[in-house]
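Engineer: Using only what follows, build the 3D model:
(2 chains)
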Amino acid sequence: MKFPITPLLPQILEALEHNTRLVLEAPPGAGKTTQVPPALLEAPWLDGKRILLLEPRRIAARAAATFMAGQLGEAVGRRVGYAIRFESRLSAATRIEVITEGLLTRRIQDDPALEDVGAILFDEFHERHLAGDLGAALALDVQAGLRPDLRLVVMSATLDGERIAQWLDAPRISSPGRSFPVRIEHPPARAQESTEQHLARTVRQALAEIEGDVLAFLPGQREIARATRLLDEQLDADIEVLPLHGELALADQQAALAPADDARRRVILATNVAESSVTLPGIRAVVDSGLARVPQFDPNSGFTRLRTVTVARDSADQRAGRAGRVAPGVAYRLWPQSQRLDAERIAEIAQAELSGLALELAAWGHDALPWLDPPPSGALAQARDLLRRLGALDAEHRITALGRAMHALGATPRLAAAVTRANEAQHGLMADLLALLDARSPLRGEHARNDDFRQRVQALHVWRDGGASAARRFGADAGALAAIERAARGWRQRIGARAAASGTPHSHAVGDLLAHAFPDRIAMQVEGQPLRYQLSNGRGARLHEATALLGEPWLVVLDLRLESRDSLIFAAAPFDPALLQRDYGERFVTQRAVRWNADREAVEAFEERRFDALVLERRSVPVRAEDALPALLARVRERGLESLPWSDAARRLRARIQALRGWMPESGLPDVSDDTLLATLETWLGPYLDGKRKLDALSAAELSQALVALLDYGQRQQLDAQAPEALTVPSGRTHKLVYTPDAPPVLAVKLQELFGLADTPRVGGGRVPVTLHLLSPAGRPMQVTQDLAGFWERTYPEVKKELKGRYPKHPWPDDPWSATPTHRTRRHAGR
DNA sequence: CTCTCCCT
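Structural biologist: Reported below is the predicted structural model:
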C-alpha cells in the first residue's frame, strides 16, 4: 500500500539525522499519522527508545494505533499501543505509543527526563489545543535542558508552516495529499437574506449542480435547526436532511455517518464537529457559512462565554477539503470573495480559562517556557487567583502540598479541590460528579431544560440501579449515561472510592461537594425576589421561569450565561450555607459600609458581615463625617449644580464673577462655570457640607458663603467696583444690573431718571458700556442703546414730541443735559 | 431557557 508521503520517508529520516526538530506539513490523506512513526523505528538515534504520537482526540488515538498494529500484522498493545484517560493498551514490547495530548503533560511532569522516549510526534498541531501547546512547550523545555537528543516532530495540515518552523528553528518538509481538486465559489447573498436563507438557497444550487452529498457548516444548533426547517419545506422528499452536532445522541451521529443504503441523497447540516472530528464519506459539495462558535474567557467576570466568529483561512480550507475526498468537488463560501480572513485560527491558549495550565506551570516550577503563543497575562492572573482561593498556590504563587495532591488527580483544579475536601463516604458520589461535570447533560427532551444539577446525578443512579429502560423512562439517554459511567468508574479507581453511589443523594450532598469547586459562584437569593440571586463574585444572576430550583435560598452555580445585568443560571445545586462558615471562615469579614439612600436623600452607614460580595447581616450604625462627605459630594456630581439651593443673590454673584473674569482677566477671579465648580466640589463646597448627613441640610446662605469664600478681600472690592450689583442713576435711585453670559450687563431705567447724565455708564474697568433699556414713565420699553450721548443728540428730540402728547403731566425739557432728573410727575417735582 | 469542540 502506497501513500503520498511514502516517497518522502527517507528524506524525513535524513532530516532527523541532523536535526532534533522538524516541521512536517501534510494535508489529510497523505498518511503522515500512520506511516511516519513506523518509519522512524529503526533510526539509530532512537536507540531502542519509544516513539510518542500525540493525537488531539481519543477516537483518533485508538484508530491510529489499530491501523499501525494492523500494518505490522499484530494486535494493538504489542509493538504499537495507545493510552487515553482511564484506558490503555501497552506492554513492555511497545515501541510506538499513541496518546492523547493531555497525557503528554502528565508523562513529562512525572518523568521530566522522559527516560524511555526517543521522539515525540505532534499530530494535527494546527488545531492548537491548549494541551498540545502546553505539551510542545514543555517538550521543548525538556529538550533544551535535559534531553538534547530528543526528536520533536510537529505535524500540521496547514500549508503555511513558516511560523511554526521559525518558532522551532527547524527545517520543513511538505507532502502532497491524496485529494481531488475543489473549486471555490462565492455565491452572493440577496438583500435582506438571513444566513440560513442564503445557505438553504445555496444548498439547493449545489444539489442541482453536483452529484453526491452536500455538507453545510453552521455555527451552532440554533442555526442548524432553522436551516433544517427551511430545507425540509423546500426540498423533495427523496433528499434527506440530517443535523450533526455534539449534543446529538450517538445513534443520530452514526446515522449521519453511515453510507446511505437507500441511495437517497443527503444534506448534512453540521457544526465544527464535521471539520476535524468526524469523517464523512461521499461528500461532493461543501456549503460554508464561514462562522463558528468559540468559547472566550472573560478575566473580569471569571466566566466563559460563547461568541460567534468568522473562521480563519486554515479552517475554511479544511472545511472545503471535505468536498474533495472521493472525487473533484465544489465549496460554496457564503462570504464575499473580497473579504479577508485571518490566516490562522486563534490558539485556545489565547482565549481559554487557564487554571489547569497555571497549576501545571506551578508544578513544573517555572513558567519561562518557549511558547508559540504565550498565555495572556490577565487570564493567567485570574487563574492564579482562583488557584490560591482553592488552596493550590500560596501567596507567592508557589504550589502547596494540597496543590500537588490536586495536580496528581488529573482533574480540573476546581473539581480536584472538591475531591481533596471530600471524605471517604463521599468519594463514590464525588466520582459521579467528576464524570457528569465533564460531560454534556444526559437528559433529553423537556428534561434537558432542568436546571437542577441533582437531576443528572439521579439519572445516573437510576441507570445504575435499573438499567437502560429505567433511564429512558427518567428522560435520559442511556448511551450517554454508559459513557459517563465509564468515566465515573475511572474516577472511582483514581480517588479510591470503595463503592459506586446509588439511590437519591441527600438534598444537600451534591451542592455541599461542589461548593468546594465553585466557592466564587455561591449564589444567595435576593430577599423578596424568588428568581433573583446575588453571586459571591459580586455579579447578579437569575433562574428561569420554569426552574426546578424555586425557593432554594442558597445555590452553587455550575453553569450560566453571562449577561450584563443578571446572568441566566443553566445548572445549579442547593447546599447548606453552614459549610461556608466551617470551611471558608477566613473569607468572612465584618466591615462598615456607606450608602446613599435615594429615598431619603441621605447618607446611611451600616456594619455588614460579608462572605465575599454576599451580605449576610447588616445593621445601621451612626454615620461618620468622613463617610458622609464623599457620599454627599458624589450625589451633587450625579445630580448637577442645579440641585443646590441657589438664592437669586447667589446666582447673580456667580454671573458677576464670571462676567468680570471675562472682561478683566488680570483680576485673577476664579472660574465659576458649571464644569469647574463640579470638578472642584471638594475644595469650595466640601467645608460647608462637612458634618451634614443630608443634602437639604445645606442652606442657601451657606451656599452663598461658599461662593463668596472663593474670592479674597481685594477681589471682592474689585467685583463691587467693576461689576456692581446695581447702579445709582442721576435721579438718586438705584437699579439692579442684569448680568448674562458673554454680553454687557443690562440696566433698565426710566428715561427721565437719566436727565443730566451725558454718557453711557461703564463697568469692567471702563471697558464695557452698559446696555440701557430706556423706559417710558409707565415702565414700557422705548429704546435699547449703549450710546446715551448719541440718543440725546439725535433720537430724544423726536421721542420728546410723542412723549409730551402721551404724558403731559411729566416734564420733557428741551435740554436734557441740564434738566433735573426725576422719576415723578411735574406736580411732585414742583413741591 | 440554551451552548462550539476537546482533554489529563
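
Engineer: any idea how far residue A:306 lies from residue A:351?
Structural biologist: 11 Å (Cβ to Cβ, to the nearest Å). Quick note: C-beta positions are derived from backbone N, CA and C, even for glycine.

Engineer: Give the residues shared as contacts by these two.
Structural biologist: Here residue A:306 and residue A:351 have A:294, A:295, A:296 as joint contacts, going by Cβ atoms under 8 Å, 6 or more residues apart in numbering.

Engineer: All the strands of the stretch 151-300 of chain A, in order from the start?
Structural biologist: A:151-156, A:172-174, A:182-185, A:213-217, A:239-244, A:265-270, A:283-288, A:291-298 (DSSP state E, counting those that start in this stretch).

Engineer: Kindly reformat the ones you listed as CSV containing distance to residue A:67.
Structural biologist: Listed next are the strands of the stretch 151-300 of chain A as CSV, based on distance: least, Cβ to Cβ, whole Å:
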stretch, distance to residue A:67
strand A:151-156, 16
strand A:172-174, 22
strand A:182-185, 25
strand A:213-217, 24
strand A:239-244, 24
strand A:265-270, 25
strand A:283-288, 22
strand A:291-298, 29
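
Engineer: what does the stretch 301-450 of chain A put close to DNA strand B?
Structural biologist: By Cβ under 7 Å from any atom of the strand, the residues of the stretch 301-450 of chain A that approach DNA strand B are A:306, A:356, A:410, A:411, A:412, A:438, A:448, A:449, A:450.

Engineer: Could you check which residue of chain A lies nearest DNA strand B?
Structural biologist: residue A:449 (1.6 Å; Cβ to the nearest atom of the strand).

Engineer: So what's the predicted local confidence for that residue?
Structural biologist: You'll see residue A:449 listed with a pLDDT of 86.

Engineer: which non-adjacent residue is nearest it?
Structural biologist: residue A:546 (6.9 Å; Cβ to Cβ, 6 or more residues apart in numbering).

Engineer: gap between the one you found and residue A:452?
Structural biologist: Taken as Cβ to Cβ, the span from residue A:546 to residue A:452 is 11 Å.

Engineer: So these two - more neighbours on which side?
Structural biologist: residue A:452 (19 against 10; other Cβ atoms under 10 Å).

Engineer: correct me, but that one touches residue A:548?
Structural biologist: Yes. If you go by Cβ atoms under 8 Å, residue A:452 and residue A:548 touch, sitting 4.1 Å apart.

Engineer: so where's the stretch 451-600 of chain A uncertain?
Structural biologist: Applying pLDDT under 70 to the stretch 451-600 of chain A flags no residue at all.

Engineer: follow-up on the earlier one: please work out which of the strands of the stretch 151-300 of chain A is packed deepest.
Structural biologist: Mean neighbour count, computed with mean count of other Cβ atoms under 10 Å, is highest for strand A:213-217 among those, reaching a mean of 28.

Engineer: Just list what that one packs against, helices and strands only.
Structural biologist: helix A:195-209, strand A:265-270, helix A:273-276, strand A:283-288 (3 or more Cβ pairs under 8 Å, 6 or more residues apart in numbering; DSSP states H and E).

Engineer: is any part of the second one close to DNA strand B?
Structural biologist: What it means is strand A:265-270. No. Strand A:265-270 lies apart from DNA strand B when judged by Cβ under 7 Å from any atom of the strand; the minimum separation is 7.5 Å.

Engineer: strands paired with that strand, and their directions?
Structural biologist: strand A:213-217 (parallel), strand A:239-244 (parallel) (DSSP bridges).

Engineer: can you give me the angle that strand makes with helix A:195-209?
Structural biologist: Following axes from the mean of the first three to the mean of the last three Cα atoms, to 10 degrees, one obtains 150 degrees for the angle between strand A:265-270 and helix A:195-209.

Engineer: Can I get strand A:265-270 as CSV, trimmed to CA atoms?
Structural biologist: The C-alpha atoms that make up strand A:265-270 are tabulated as CSV, following Å, rounded to 0.1, in the frame of the first residue of the first chain:
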residue,chain,number,x,y,z
ARG,A,265,-29.0,12.0,-1.5
ARG,A,266,-28.2,13.6,1.8
VAL,A,267,-27.7,17.2,3.1
ILE,A,268,-25.8,17.2,6.3
LEU,A,269,-26.0,20.4,8.4
ALA,A,270,-23.1,20.4,10.8
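
Engineer: Provide the angle between the direction of it and the direction of strand A:283-288.
Structural biologist: 40 degrees.

Engineer: Stretch A:454-470: how far from the chain's middle?
Structural biologist: The chain centre lies 36 Å from the centre of stretch A:454-470; the measure is Cα atoms, centre = their mean, to the nearest Å.

Engineer: what comes up buried for that stretch?
Structural biologist: A:454, A:455, A:456, A:457, A:458, A:459, A:460, A:461, A:462, A:463, A:464, A:470 (16 or more other Cβ atoms under 10 Å).

Engineer: hang on, isn't the last one packed against residue A:464?
Structural biologist: What it means is residue A:470. No. Checked against Cβ under 8 Å, the pair residue A:470 and residue A:464 is beyond contact range at 9.4 Å.

Engineer: Alright, I will stop here.
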